[in-house]
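Novice: just need the structure, nothing else, for what follows:
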Amino acid sequence: MRNRAPDWPAAGRVPGDLPPSGTGLLGLRQRVDLVGGVFSAQPTGDGGFELLAVLPGKDTAPPSDRGGPRLAVPAGGGRA
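Specialist: Below you'll find the model as predicted:
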């Protein structure tokens with residue numbers, strides 16, 4: 001996704017806006033990493049901002065052969 005710079009100055013936060021969730025770009029990066037993807041986020045030369053997330057397609061390797069972080073799953077698959 002590429003977001004070009006707006007044609008007007010930024011308004012900033014408006015009283016009553018929802019507070020930030022606290023995960024932002026770091027949360028996006030972590031989620032993309034968890035599925036073995038590639039993530040980048042950077043400003044563009046025109047004052048905009050660019051996000052790139054490349055996610056893997058169909059999984060062909062068994063879980064034990066995949067690299068990257070592992071998630072702990074409780075006994076029973078984490079379902080109630």
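Novice: secondary structure class for the closest residue to Leu52 other than its chain neighbours?
Specialist: Nearest residue to Leu52, sequence neighbours excluded (Cβ to Cβ, 6 or more residues apart in numbering): Ser40, at 4.7 Å. Backbone N, C-alpha and C define where each C-beta goes, glycine included. Each residue gets one of three states, and Ser40 gets strand by DSSP: H, G, I helix; E, B strand; the rest coil.
Novice: so how far is Leu18 from Ser40?
Specialist: 26 Å (Cβ to Cβ, to the nearest Å).
Novice: where does the residue nearest to Leu52 land on pLDDT?
Specialist: If you check Ser40, the pLDDT there is 91.
Novice: cool, and the one 10 residues further on?
Specialist: You'll see Glu50 listed with a pLDDT of 87.
Novice: and for it, the neighbour number?
Specialist: 13 (other Cβ atoms under 10 Å).
Novice: quick one, phi psi at it?
Specialist: Backbone torsions of Glu50, given as degrees, to the nearest 10, read phi -130, psi 130.
Novice: my guess is it meets Phe39, correct?
Specialist: No - if you go by Cβ atoms under 8 Å, Glu50 and Phe39 don't touch, sitting 11.5 Å apart.
Novice: just to revisit the earlier point, of Ser40 and Leu18, who's got more company?
Specialist: Per other Cβ under 10 Å, whichever of Ser40 and Leu18 has more neighbours is Ser40, with 12 against 6.
Novice: who's in contact with the more buried one?
Specialist: By Cβ atoms under 8 Å, 6 or more residues apart in numbering, the residues touching Ser40 are 50-52.
Novice: would you reformat those residues as CSV and include distance to Arg29?
Specialist: Shown next, in CSV, are the contacts of Ser40 (distance: Cβ to Cβ, whole Å):
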residue, distance to Arg29
Glu50, 14
Leu51, 10
Leu52, 11
